[in-house]
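**Q** here is the input, now give the coordinates:
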Amino acid sequence: MKKNKKSSGESTAWGKPKKKLSGKVKILIITLAILVAVVGIAGGVLGFMFCGGEHMHSMERISARRAATCTAEGNTGCYYCADCGKYFTDMSGATELASPEESVIPALGHNIAYVEATAATCTADGEIAHWYCPRCETAFEDEEATTEIAAEDLVVPATGHTEDGGEITSSPTCTADGVRTYTCTVCSVIVRTEVVPALNHDYSVTKADVMQHWTECSRCGDEEEDSRRYHDYISSYDTETCSCGTEITYSQGLAFTYSAESDGYMLSGMGECTDGQLFMPPTYDDGANGNKPVIGIQDGAFSYGADGVIFVRLPGSFTFIGERSFFMCTSLSMIIFPPVLTEIADNAFYGCSSLENLVIPASVSHIGAYAFEQCNAEITFEDPSGWTLSDGTPTADPAAALREGEELFKSAV
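**A** Numbers count the residues shown, from 1 in each chain. Next comes the predicted model:
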């Protein structure tokens with residue numbers, strides 16, 4: 001018996017062999033499956049989907065998806081398949097709607113609340129009272145939200161600062177500006193400041209001591225530059241009262257010796273006087289010999305005994321200065337000779353190293369040897385003519401002769 005060849009197919013239920021799918025067919029089927037899956041994921045890109053295996057939807061969008069607002073309806077989205085006559089919420093057909101109306105989301109209505117008025121300040125805007133819905137960010141005049149208020153109409157403008165009249169918070173001085181501060185009367189904030197100009201000095205006050213007078217500022221007491229002047233009675237014996245109103249004050253406590261020969265008094269020393277500026281009185285009264293003129297200085301009266309004396313004004317009655325009268329008075333820097341002085345004896349101002357600018361009156365006729373030895377003073381003669389040395393030799397420069405320690409005589413005219 002001849003054997004039959006084995007069939008390449010398997011038997012089916014009906015006894016017929018089932019053909020195997022070729023590789024190309026398998027690839028085509030897999031490709032179609034992938035395409036269907038992609039279409040299903042993309043949804044509305046191609047506008048159709050499979051319907052439960054029955055058919056592929058051909059979707060038409062009836063309404064778009066949109067959110068409901070306070071005043072407008074929203075929508076879940078609605079799609080219609082003409083083939084099956086059904087409505088869906090999306091193109092994939094996942095959720096069916098009974099009708100297009102079912103996709104409608106009702107308007108939410110306003111979530112309205114009352115907002116109290118806010119008063120405007122100097123720098124910040126205020127706001128009128130109103131009703132406000134935070135969901136739609138809209139303001140209304142009434143609770144029923146029938147009349148809207150524009151954002152700019154809610155604003156109550158800032159009032160701005162109200163300045164006071166200003167207060168001086170830093171007083172000006174003669175040399176420095178001050179500050180005036182303006183403050184808001186409402187909020188107390190400093191609005192602005194301005195410069196109050198410096199006052200400048202008011203040199204209207206006259207000040208004086210025993211030697212000089214000067215002017216000072218009435219406000220700050222500053223001394224006016226180059227305003228110091230010696231009192232009139234320092235350089236003049238014609239007055240005892242300065243033009244500034246200061247009267248000469250004679251030193252008290254000086255020692256005097258009565259001279260019967262001259263019927264006057266001789267200064268004999270500091271006594272109990274402690275003045276640094278000596279104003280020697282023109283007269284004296286010892287209680288026994290009466291009030292008599294002071295006519296000169298005794299020999300050695302202030303030798304080594306006038307420490308701290310810087311100024312001496314001899315009285316207008318003086319006619320001579322004795323030997324060594326101011327010997328080694330190193331602090332003495334200024335002495336005023338009277339216009340009747342006739343004699344300055346030997347060594348009278350020896351060693352007075354602080355003396356400056358001596359003026360020898362024209363009345364002087366004899367200056368002793370070494371009268372101004374070791375003095376650095378600039379010596380000026382009111383009348384430099386007619387002077388001779390002790391041997392009778394004339395000298396045209398008596399000041400130079402004094403610096404050499406010469407004794408000088410002035411010939412009578």
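**Q** so the closest residue to Ser103 other than its chain neighbours versus Cys84, what's the distance?
**A** Take Ser103 and drop its neighbours on the chain: the residue closest to it by Cβ to Cβ, 6 or more residues apart in numbering is Cys78, 3.9 Å away. For the C-beta atoms, the positions are set from N, CA and C on the backbone; glycine is no exception. Separation of Cys78 from Cys84 (Cβ to Cβ, to the nearest Å) stands at 15 Å.
**Q** higher neighbour count, the two?
**A** The residue with more neighbours, out of Cys78 and Cys84, is Cys78; 22 against 16, by other Cβ atoms under 10 Å.
**Q** tell me the contacts of that one?
**A** 61-63, 87-89, 97, 100, 103 (Cβ atoms under 8 Å, 6 or more residues apart in numbering).
**Q** which among the residues you listed count as buried?
**A** Among the contacts of Cys78, those scoring as buried are 87-89, 97, 103 (criterion: 16 or more other Cβ atoms under 10 Å).
**Q** in TSV, list those residues along with secondary structure and distance to Asn200.
**A** Output for the buried ones among the contacts of Cys78, formatted as TSV (DSSP: H, G, I helix; E, B strand; the rest coil; distance: Cβ to Cβ, whole Å):
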residue	secondary structure	distance to Asn200
Tyr87	strand	97
Phe88	strand	96
Thr89	coil	91
Leu97	strand	95
Ser103	helix	90
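**Q** okay, those residues in CSV with distance to Ser243 and pLDDT next?
**A** Below are those laid out as CSV (distance: Cβ to Cβ, whole Å; pLDDT from 0 to 100):
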residue, distance to Ser243, pLDDT
Tyr87, 123, 94
Phe88, 122, 93
Thr89, 117, 91
Leu97, 121, 92
Ser103, 116, 93
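**Q** quick one, helices of this protein?
**A** 23-42, 151-154, 232-235, 398-403 (DSSP state H).
**Q** list the contacts of the last one.
**A** So that's helix 398-403. Contacts for helix 398-403 (Cβ under 8 Å, 6+ apart): 360, 367, 371-372, 379-381, 384, 387, 389, 395, 408.
**Q** how's the protein carved up into domains?
**A** The record's domain parsing of the chain by automatic domain parsing lists 43-109, 113-156, 167-196, 203-231, 250-413.
**Q** chain center to the third one: distance?
**A** Average the C-alpha atoms of domain 167-196, do the same for its chain, and the two points are 13 Å apart (Cα atoms, centre = their mean, to the nearest Å).
**Q** list the buried residues for that domain?
**A** In domain 167-196, counting by 16+ other Cβ under 10 Å, buried: 172, 174, 178, 180, 182-184, 191, 196.
**Q** so for it, mean pLDDT?
**A** Domain 167-196 shows a mean pLDDT of 97.
**Q** contacts only, for the nearest residue in space to Ala145 that is not next to it in sequence.
**A** Leaving aside its chain neighbours, Ala145 sits nearest to His110 (4.7 Å; criterion: Cβ to Cβ, 6+ apart). Listed by Cβ under 8 Å, 6+ apart, the contact set of His110 reads 70-71, 133, 135-136, 138, 140, 145.
**Q** same thing with Leu358?
**A** Contacts of Leu358 (Cβ under 8 Å, 6+ apart): 335, 372, 375, 377-380.
**Q** run the last query once more with 10 Å
**A** Residues in contact with Leu358 (Cβ atoms under 10 Å, 6 or more residues apart in numbering) are 334-337, 349, 352, 372, 375, 377-381, 399, 402.
**Q** just Cys273 next, same as before
**A** Contacts of Cys273 (Cβ under 10 Å, 6+ apart): 251-255, 280, 306, 309.
**Q** that'll do, ta.
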